[in-house]
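Chemist: got a structure for you, letters missing:
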């Protein structure tokens, strides 16, 4: 792992109404790693993601992505950064009026001046490399199963060959088999395309299988960033509670 | 030409070596493609492609390299890749594995125009059939609920009345007033030529009470409320809220459709009455100002000349229109499937069809009433 920081968050604070959802949160993500983000319900995982994506401005604090200060970024800098990241949303957020191929080709059309047939082939390449069949390319998102929609959304996220991708609960709502397939796919893409991945997840299996380090959110801060093997031994009460339920112990037993 | 260089390529013909250099990424892909196309390799039988000088490579570039490897193969040039990093090799392997050309994308069949006409005819017939079974379902449901008055959702009915009736009062008043003004103005000009100013009362009274009041109100409500029904139900369908209701043993008809219909049937005659009043007031203002028919004369003549029948016929049409607007709005809402686009399509359709049928039914009413000399 190289030590170049892709994302640097310092002293991030955000307030909703009277509650501080983040109160002095620090987090650094390095190039080439897969960072898992976990935490109990309401610990602000999705808020953190929305702040990093500039969908939700923080109250105070600094977020640097690719060494650009995002909280004060001009629209043109923001656009440059946006072309270097991809996002897989929890509900996929595929454009329902476009076919899968058109969904994947969308940002290629927006940001490159390539001929339409080259764009189609590149989009098709992405669709196939996430493990979808060619026949899925001309289907509409509503005609696909949940697992296939996730894969299509992932294909759209990697359409511009981003350096950084954000995954919001990529395995939620999938059967164990599809979820395992998706984990494998994420690892595969990470190693071939040299991606840096920030993954919000509840899925203990994916945490054990895919992540290099895991950040645990609680009390408005990142309580701990460690590889999962170490994190489960942490004695902080919140972390203990999270990993030492019945499920946590079972999964830990399997991977040890 | 032995050595050719530009930003991305360096061809060393004697050594049979092609050096790739610079940033091989999506942003540069068009330029790289140009450079590659200019390459002349006629005399070569084998070629070494060297990737050591590539500073950055992504999957788009890997795709391009794969394409050229294939075309070299077709030209019977033997190609070796060397000095590609492990990750670059992996990327090229991934692309090779998934290499399909765009011609492999299954084409969506396009119908010729005869087939299209047939197709849309069949679709329309199917929709009509679906509408008939929808109407049947509503009838059966309303019969079922009429046996168990406990199941009537008063709250939902009242809410429909509030949203579609009470909140529509200002706009309907304003528009009806304007229509009254316009009718008086246009007819008044003609009547004045004959000195028959006072007949404005007959013309205005009959046309507003029998036709304009009910029609205008129905069209306004179709635009305001029919579309709202379709969009609300459509989004609920997309969110599976309708499915959730069904599994809880509450039929959507009982909770969502019938209260909307009932509310609309109650409120539309009342709105029509409201519209009649303001239409007449609008005409009266114009008659007073332009035709010198005083308020007193107008009202005096109005009660003698306009039969109660005119009002009743006008109000009698309103529940029929309400049934049309409500059932079409609900039907289109329930037909939404899957996407946001579908919500838009069915919402538009609910308004267009409702207005279409309102005018058709109104024409039928006119013919029937004149046959019976009403």
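Modeler: Thanks, I have the structure now. Owing to the predicted nature of the structure, the values given are computational and were not obtained by experimental measurement.
Chemist: chain A contacts on chain B?
Modeler: Within reach of chain A by C-beta under 8 Å from any C-beta of the partner chain, chain B has these residues: B:25-27, B:29-30, B:33, B:58-60, B:63, B:87, B:90-91, B:94-95, B:98-102, B:104-108, B:337-341. C-beta: built from backbone N, CA, C; applies to glycine.
Chemist: narrow those residues to those that are buried.
Modeler: In these, burial by neighbour count holds for B:25-27, B:29, B:33, B:58-60, B:63, B:90-91, B:94-95, B:98-99, B:102, B:105, B:339, counting by 16 or more other C-beta atoms under 10 Å in any protein chain shown.
Chemist: for chain A, what lies in contact range of chain B?
Modeler: A:96-97, A:101, A:108, A:112-114, A:117-118, A:120-122, A:124-126, A:128-129, A:134-135, A:137-138, A:140-143, A:158, A:160-161, A:191-194.
Chemist: which of those residues count as buried?
Modeler: Buried among those (16+ other C-beta under 10 Å): A:96-97, A:101, A:108, A:112, A:114, A:118, A:120-122, A:124-126, A:128-129, A:137, A:140-141, A:158, A:160-161, A:192-194.
Chemist: that older thread, narrow the residues of chain A next to chain B to those in strands?
Modeler: Nothing among these maps onto strands, per DSSP state E.
Chemist: among those, which are in helices?
Modeler: A:101, A:108, A:117-118, A:120-122, A:124-126, A:128-129, A:191-193 (DSSP state H).
Chemist: thinking again about what came up before, among the residues of chain B next to chain A, which ones are in helices?
Modeler: Filtering the residues of chain B next to chain A for helices - DSSP H - leaves B:29-30, B:33, B:59-60, B:63, B:87, B:90-91, B:94-95, B:340-341.
Chemist: just send these back as TSV, with distance to residue B:374 and pLDDT too.
Modeler: Below are these laid out as TSV (distance: C-beta to C-beta, whole Å; pLDDT from 0 to 100):
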residue	distance to residue B:374	pLDDT
B:29	76	82
B:30	75	82
B:33	78	82
B:59	76	82
B:60	75	84
B:63	76	85
B:87	86	80
B:90	84	82
B:91	82	83
B:94	79	81
B:95	78	81
B:340	47	80
B:341	46	83
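Chemist: what sits up against stretch A:49-61?
Modeler: A:7, A:9-15, A:22, A:24-25, A:37, A:47, A:63, A:65, A:70-71, A:73, A:78, A:85, A:87, A:166, A:168, A:198, A:200 (C-beta atoms under 8 Å, 6 or more residues apart in numbering or on different chains).
Chemist: in strands only, show me those.
Modeler: Those of those lying in strands (DSSP E): A:7, A:9-15, A:22, A:24-25, A:37, A:63, A:65, A:85, A:87, A:166, A:168, A:198, A:200.
Chemist: which of the contacts of stretch A:49-61 are buried?
Modeler: Buried by 16+ other C-beta under 10 Å: A:7, A:9, A:12, A:14, A:22, A:25, A:37, A:47, A:63, A:65, A:70, A:73, A:85, A:87, A:166, A:168, A:198, A:200, out of the contacts of stretch A:49-61.
Chemist: ok, residue B:360 - how many residues close by?
Modeler: The number of residues packed near residue B:360 is 11, by other C-beta atoms under 10 Å in any protein chain shown.
Chemist: against chain A, how distant is it?
Modeler: As for residue B:360, its distance to chain A is 32 Å (criterion: C-beta to the nearest C-beta, to the nearest Å).
Chemist: check which residues of the helix or strand that that residue is a member of are buried.
Modeler: Here residue B:360 sits within helix B:340-371, counting by DSSP states H and E. Residues of helix B:340-371 classed as buried: B:342-343, B:345-347, B:349-351, B:353-355, B:357-358, B:361-362, B:365 (neighbour count, 16+ other C-beta under 10 Å).
Chemist: so, low pLDDT: which residues of the chain?
Modeler: Using chain A here. In the predicted model, chain A carries pLDDT under 70 at residues A:1-3, A:256.
Chemist: if you could check chain B rather than the one you did, that'd help
Modeler: Applying pLDDT under 70 to chain B flags residues B:1-6, B:41-42, B:101-103.
Chemist: now the longest helix anywhere in it, how far from the centre of its chain.
Modeler: Secondary structure of chain B read by DSSP H shows that its longest helix is helix B:113-147. Here helix B:113-147 is found 19 Å from its chain centre; the criterion is C-alpha atoms, centre = their mean, to the nearest Å.
Chemist: what angle separates it from helix B:340-371?
Modeler: Orientation note: helix B:113-147 sits at an angle of 80 degrees relative to helix B:340-371 (axes from the mean of the first three to the mean of the last three C-alpha atoms, to 10 degrees).
Chemist: how does the chain divide into domains?
Modeler: Looking at chain A here, since you left the chain open. Using automatic domain parsing, the domain parsing of chain A gives A:5-84+A:162-255, A:98-161.
Chemist: actually it's chain B I care about, not the one you picked
Modeler: Taken from automatic domain parsing, chain B resolves into B:3-104, B:149-371.
Chemist: now the residue in the stretch 151-256 of chain A positioned nearest to chain B: closest residue in space that isn't a chain neighbour?
Modeler: Closest residue of the stretch 151-256 of chain A to chain B, C-beta to the nearest C-beta: residue A:161 (3.7 Å). Once flanking residues are discounted, residue A:161 sits nearest to residue B:58: 3.7 Å by C-beta to C-beta, 6 or more residues apart in numbering or on different chains.
Chemist: ditto for residue B:156
Modeler: Nearest non-adjacent residue to residue B:156, counting by C-beta to C-beta, 6+ apart: residue B:259, 3.5 Å away.
Chemist: how far off helix B:113-147 does the helix or strand containing that neighbour point, in degrees?
Modeler: If you go by DSSP H and E, residue B:259 is part of helix B:258-290. Between helix B:258-290 and helix B:113-147, the angle comes out at 100 degrees (the same axes, to 10 degrees).
Chemist: helices and strands around helix B:258-290, which ones?
Modeler: With contacts taken as 3 or more C-beta pairs under 8 Å, 6 or more residues apart in numbering or on different chains; DSSP states H and E, helix B:258-290 sits against helix B:113-147, helix B:154-160, helix B:169-193, helix B:200-206, helix B:213-221, helix B:295-305, helix B:308-334.
Chemist: please report how far residue A:32 lies from residue A:194.
Modeler: The spacing between residue A:32 and residue A:194, counted by C-beta to C-beta, to the nearest Å, is 6 Å.
Chemist: hmm, residue A:220 and residue A:23 touching each other?
Modeler: Yes. Contact criterion C-beta atoms under 8 Å: residue A:23 and residue A:220 qualify, at 3.5 Å.
Chemist: could I get the full set of helices for the stretch 151-256 of chain A?
Modeler: For the stretch 151-256 of chain A, applying DSSP state H, counting those that start in this stretch gives helices covering A:176-193, A:204-210, A:228-231, A:237-243, A:246-255.
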